[in-house]
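# sequence first, predicted coordinates after that:
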Amino acid sequence: MKRIGIFGGAFDPPHVAHAALAKAALAELQLDELRVLPTGQAWHKTRALSPAPHRLAMAQLAFAELPQVVVDPREIERTGPSYTVDTLREFKALWPAAELFLIVGEDQAHALPSWHDWQEILELAIICVATRAYTTGARAKFDLETAHPSRFRRLPMPALNVSATDIRARIGAHLSVADLVFEPVARYIAHHHLYQTA
């Protein structure tokens with residue numbers, strides 16, 4: 001049975017913690033393939049995202065060293081809001097026998113009941129919750145995880161304190177982001193003058 005991971009996000013910009021999570025997911029879940037999906041229209045984000053072609057290009061650069069990762073443009077190419085359930089339905093139609101693993105952060109997992117058709121998401125995929133290494137065991141299970149234990153897995157993560165918000169702020173302030181994004185991504189950001197404040 002093919003094991004396919006699904007890792008969506010704004011990737012605005014993609015950074016070293018995203019790649020670390022991808023590596024952890026590939027190893028821990030023994031995935032045949034990991035689909036990285038930059039968000040199209042993020043229904044839940046108040047901030048306007050960078051243009052989709054930039055985020056797609058940066059994701060391709062950031063994950064280029066991981067051969068099992070496929071950067072998938074389908075959410076960007078789809079019109080209307082990006083709903084995870086639509087992507088999962090498409091994958092299920094493409095690979096009916098495959099096992100799907102949806103990789104999310106802990107905050108996203110807690111917010112799952114607010115997602116579009118979230119009950120169907122639980123039926124279509126195993127929810128893999130990235131957990132910071134130092135919180136393992138200390139954090140109590142949340143209601144949804146307790147109610148549907150077979151549909152959730154914990155994915156231990158290296159403790160990397162990196163956020164796209166911080167990276168955008170640093171670039172806007174002309175500070176170095178050398179340790180936070182990969183060199184090809186840093187070059188792309190500089191070349192296209194992304195995240196520069198007016």
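Yes, it's here.
# lowest confidence element among the helices and strands of this protein?
Among the helices and strands of the chain, helix 143-147 carries the lowest confidence by mean pLDDT, DSSP states H and E, at a mean of 84.
# in this protein, which spans are strands?
3-9, 33-38, 69-71, 99-105, 126-132, 152-157 (DSSP state E).
# mind putting those strands in JSON lines, mean pLDDT included?
Putting the strands of the chain into JSON lines (pLDDT from 0 to 100) gives the following:
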{"stretch": "strand 3-9", "mean pLDDT": "97"}
{"stretch": "strand 33-38", "mean pLDDT": "98"}
{"stretch": "strand 69-71", "mean pLDDT": "98"}
{"stretch": "strand 99-105", "mean pLDDT": "96"}
{"stretch": "strand 126-132", "mean pLDDT": "90"}
{"stretch": "strand 152-157", "mean pLDDT": "91"}
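# could these go into a markdown table alongside distance to residue 47 and mean neighbour count?
For glycine as for every other residue, the C-beta is placed from the backbone atoms N, C-alpha and C. Output for the strands of the chain, formatted as a markdown table (distance: least, C-beta to C-beta, whole Å; neighbours: other C-beta atoms under 10 Å):
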| stretch | distance to residue 47 | mean neighbour count |
| --- | --- | --- |
| strand 3-9 | 13 | 22 |
| strand 33-38 | 15 | 23 |
| strand 69-71 | 22 | 20 |
| strand 99-105 | 17 | 21 |
| strand 126-132 | 22 | 20 |
| strand 152-157 | 24 | 18 |
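# so can I have CSV of the ones you listed showing distance to residue 111?
Shown next, in CSV, are these (distance: least, C-beta to C-beta, whole Å):
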stretch, distance to residue 111
strand 3-9, 13
strand 33-38, 18
strand 69-71, 24
strand 99-105, 9
strand 126-132, 12
strand 152-157, 14
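# count the neighbours of the closest residue to residue 76 other than its chain neighbours for me.
The shortest distance from residue 76 to any non-neighbouring residue, by C-beta to C-beta, 6 or more residues apart in numbering, is to residue 52 (4.3 Å). Residues lying near residue 52 (other C-beta atoms under 10 Å) number 17.
# and what of residue 161?
A count of nearby residues for residue 161, using other C-beta under 10 Å, gives 8.
# for the least confident helix or strand of the chain, the distance to its chain's centre please.
Relative to its chain's centre, helix 143-147 lies at 22 Å (C-alpha atoms, centre = their mean, to the nearest Å).
# list the buried residues for stretch 75-82?
75-76, 82 (16 or more other C-beta atoms under 10 Å).
# where does the chain dip in pLDDT?
Along the chain, segments meeting pLDDT under 70 span 42-46, 133-141, 198.
# mind redoing it with 90?
Where the chain drops to pLDDT under 90, the residues are 40-48, 79-82, 105-108, 110-111, 131-149, 156-161, 197-198.
# returning to that earlier point: between the strands of the chain, which one is closest to residue 113.
strand 126-132 (11.9 Å; C-beta to C-beta).
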